[in-house]
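# sequence below, structure please.
(chains A and B)
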Amino acid sequence: MLLFRSEEHIDRWRSARELPRGGVLDPNVAWQLARDWYQDKVNPQWRRHTVDETQALFERLGLRGDFWRLR
Amino acid sequence: MIDPSIRLDESIEGRVRQFVFERAARTGVVPQTPAIAEALGLSGEDVSATLKRLAAAKVLILAPNDGDIWAANPFCAVPSGIRVIAEGNRYWAICAWDAMGVVAAVQAETAVITAPCGDCGEILNLQFENHELKHANGIVHFAVPAREWWKNIGFA
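I've put the predicted structure just below:
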């Protein structure tokens, strides 16, 4: 997951590597995703998120479609 | 793979995991086998074997070849070019998402992330105040579909 200046920069980067367009997130959405994913990582009671929990997190943030589908 | 029925916090895997993540969060430095062994009173062999089990369980990532921790996500053990300054510490992250993850994991009130544009290399900034993202230039791109992230986590 890389930062880019703009969509134009993403397209130039992926075209040079013959990669399809991936998932493009506004930084605020990426922050919400990172916060919900990692906020308990240092907690002794941390456990891995289940597939269902992760899918629900994606849904909550509007991350839908095949790119974000885990099954 | 770790038996999911084991209470992670009471097992050797749990003790090692907790030490690694707490140390990384508190200091910005991801401890390696000798420091973990000394702190927990374990042998280096036991720690190495435990790290391999934690890596197999996708709790952390080992560097190829030498068995050192590459990343205890979101904390990266080696300079990566993606830097987080928060809580008086300097952290590295392996990607932009993990950099934000550092801010979340250490519950930083204020933080600054600097990372190069993946295309042109211009340094971009994300600034956090009052536990929220207040300023950002740039956008985030995930190159790999979510269900394939762990097939090549270094590229994803």
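# so who does A:W13 touch?
For A:W13, the contacting residues are A:2, A:4, B:118-119, B:141, by CB atoms under 8 Å, 6 or more residues apart in numbering or on different chains. C-beta coordinates here come from the backbone N, C-alpha and C atoms, glycine included.
# could you work out the most separated pair of those residues?
B:D119 and B:H141 (9.7 Å; CB to CB).
# these two: which is more packed in?
Neighbours of B:D119 and B:H141, each counted by other CB atoms under 10 Å in any protein chain shown, are more numerous for B:H141; the result is 25 against 20.
# helices or strands next to the helix or strand harbouring that one in the packing?
Element membership for B:H141, per DSSP states H and E: strand B:139-142. Packed against strand B:139-142 by the contact rule (3 or more CB pairs under 8 Å, 6 or more residues apart in numbering or on different chains; DSSP states H and E) you find strand A:2-4, helix A:7-16, strand A:23-25, helix A:27-38, helix B:96-105.
# just the buried residues of the third one, please?
It stands for strand A:23-25. Taking 16 or more other CB atoms under 10 Å in any protein chain shown as the basis for neighbour counts, the residues of strand A:23-25 that come out buried are A:23, A:25.
# domain assignment for chain B?
Following automatic domain parsing, one finds the domains of chain B at B:8-72, B:78-136.
# hmm, back to that, the contacts of A:W13 into JSON lines, with extra columns for distance to B:V30?
Output for these, formatted as JSON lines (distance: CB to CB, whole Å):
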{"residue": "A:L2", "distance to B:V30": "21"}
{"residue": "A:F4", "distance to B:V30": "27"}
{"residue": "B:G118", "distance to B:V30": "24"}
{"residue": "B:D119", "distance to B:V30": "29"}
{"residue": "B:H141", "distance to B:V30": "26"}
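# for those, which one is nearest A:G23?
The closest of these to A:G23 turns out to be B:H141 (CB to CB; 7.1 Å).
# what is the neighbour count of the nearest residue to that closest one once chain neighbours are set aside?
With sequence-adjacent residues excluded and distances taken as CB to CB, 6 or more residues apart in numbering or on different chains, B:H141 is closest to A:I10, at 4.9 Å. The burial count assigned to A:I10 is 24, neighbours taken as other CB under 10 Å.
# near A:E18, how many residues? Count them for me, please.
When counting by other CB under 10 Å, one arrives at 6 neighbours for A:E18.
# list the contacts for the spatially closest residue to A:V51 that is not a sequence neighbour?
In space, A:V51 comes closest to A:L70 once its chain neighbours are excluded; the distance is 5.1 Å by CB to CB, 6+ apart. Listed by CB under 8 Å, 6+ apart, the contact set of A:L70 reads A:51, A:54-55, A:58, B:146-147.
# of those, grab the buried ones for ChimeraX.
In ChimeraX, this line selects whichever of these come out buried by 16+ other CB under 10 Å:
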select /A:54,55,58 /B:146,147
